[in-house]
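Undergrad: What follows is a predicted structure for the sequence shown.
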Amino acid sequence: MPAIEIGRICVKTHGREKGKKCVVVDVIDDNFVIVTGPSSLTGIRRRRTNLGHIQATEEMLDLKKGATDEEVAKAADKGKKTSFLKSS
């Protein structure tokens with residue numbers, strides 16, 4: 001399983017957003033991360049998420065810690081990952 005790190009694209013495995021893809025923008029501790037869709041792409045808004053509720057993919061975006069939704073969207077476009085994020 002790929003490591004959970006900033007820029008890693010993950011799939012939500014629990015809750016109403018189950019099956020949607022999100023991007024890790026910050027690692028809080030061993031149990032929680034901050035993820036965003038961003039909501040303009042995937043419908044997932046920025047929030048704290050339990051690591052047990054996401055599954056990492058092999059895909060990465062080039063991001064810095066705490067990147068804004070606009071920066072995530074630009075990185076997805078630049079890395080040609082926009083369609084990957086939108087697919088569920």
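TA: Thanks, I have it. Residues are numbered from 1 along each chain as shown.
Undergrad: what sits against Leu85?
TA: 9, 21, 23, 37, 41-42, 76 (Cβ atoms under 8 Å, 6 or more residues apart in numbering). C-beta coordinates here come from the backbone N, C-alpha and C atoms, glycine included.
Undergrad: Which of these ranks first by neighbour count?
TA: Val23 (30 neighbours; other Cβ atoms under 10 Å).
Undergrad: My read is that that residue contacts Glu5, right?
TA: No: taking Cβ atoms under 8 Å as the definition, Val23 is not a contact partner of Glu5, at 11.0 Å.
Undergrad: from the contacts of Leu85, which ones fall inside strands?
TA: Residues from those lying in strands, with DSSP state E as the criterion: 9, 21, 23.
Undergrad: Could you check how far the first one is from Gly79?
TA: Computed with Cβ to Cβ, to the nearest Å, the distance linking Ile9 and Gly79 is 10 Å.
Undergrad: So which residues of this protein form helices?
TA: All helices of the chain, identified by DSSP state H, fall at 69-78, 82-86.
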